[in-house]
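Asker: Just the structure for this:
(one chain, ligands or ions: 1)
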Amino acid sequence: MSQTKQAEVNSQVMFDVIVVGSGITGGWAAKEFCEKGFKTLVIERGRHLDHPSPEYNDMKAPWQLENFGIASETLQEQGRYTQLLAKKKVLKSDSIQFFADDKEYPYSYPSEKPFMWTRGYQLGGRSLTWGRQVLRWGKKILKLMQKMVMVLLGR
Ligand SMILES: Cc1cc2nc3c(=O)[nH]c(=O)nc-3n(C[C@H](O)[C@H](O)[C@H](O)COP(=O)(O)OP(=O)(O)OC[C@H]3O[C@@H](n4cnc5c(N)ncnc54)[C@H](O)[C@@H]3O)c2cc1C
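Answerer: Next up is the predicted model:
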């Protein structure tokens, strides 16, 4: 089938739900929708990544990584990842590929309200860079969340 014909067919496919973003939020929502039988489409702005992929270095020891896991100073000289660098002081070569570079994707904020916006534009979003600490929520916050959901649903 020609590419134009294929695109035409694709554009006629109907979905019950379209989820924007494949991070923890979108990914989980999509899973729930699929399991409930909704025809679900996930749109992701970032690049595709296989899971697992050779880009994952989580289980590697520092000596198995290039330059012991410290990213090239050239990035700093080129003014890239400035926000991340301001916070972390050192960029790590094992995971830098999963962070959006603020030089490539700039954003602005009022000077009196500096804001660090850490983004990950790839399949899985920031689930590839998070620290894996999951705080247990108490009864008070769970009740508050329930109220918020009710308000959002207009009940
Ligand atoms: C270094 C780091 C450590 C962290 N550690 C922890 C921790 O230990 N514990 C914890 O609870 N939280 C932690 N967090 C926070 C946690 O990772 C995030 O709150 C969570 O991953 C956010 O998930 P999300 O799906 O809401 O957003 P994201 O993961 O940012 O996903 C959004 C997705 O949407 C895509 N997207 C954006 N715009 C568009 C568009 N217009 N069209 C299509 N796709 C789009 C993006 O590419 C991305 O894939 C950490 C975050 C970072 C960066």
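
Asker: tell me which element I18 is part of?
Answerer: strand 17-20 (DSSP states H and E).

Asker: Say whether the ligand is contacted by that strand.
Answerer: Yes. Residues of strand 17-20 contacting the ligand under C-beta under 6 Å from any ligand atom: V20. Yep, even glycine has a C-beta here, placed from its N, CA and C like the rest.

Asker: Stretch 48-66 now?
Answerer: No. Applying C-beta under 6 Å from any ligand atom, one finds stretch 48-66 out of contact with the ligand, separated by at least 10.0 Å.

Asker: Between the two ends of that stretch, what distance do you get?
Answerer: 24 Å (C-alpha to C-alpha, to the nearest Å).

Asker: Tell me the buried residues in it?
Answerer: Residues of stretch 48-66 classed as buried under the neighbour-count rule (16 or more other C-beta atoms under 10 Å) are 49, 56-57.

Asker: With pLDDT and secondary structure as added columns, please give those in a markdown table.
Answerer: Putting these into a markdown table (pLDDT from 0 to 100; DSSP: H, G, I helix; E, B strand; the rest coil) gives the following:
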| residue | pLDDT | secondary structure |
| --- | --- | --- |
| L49 | 93 | coil |
| Y56 | 90 | coil |
| N57 | 89 | coil |
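
Asker: Which secondary structure state is assigned to E55?
Answerer: coil (DSSP: H, G, I helix; E, B strand; the rest coil).

Asker: List the single closest residue to the most centrally placed residue in the chain in space, sequence neighbours excluded.
Answerer: The centroid of the chain falls nearest to G125 when counting by C-alpha atoms, centre = their mean (1.6 Å). Leaving aside its sequence neighbours, G125 sits nearest to G23 (C-beta to C-beta, 6 or more residues apart in numbering; 2.7 Å).
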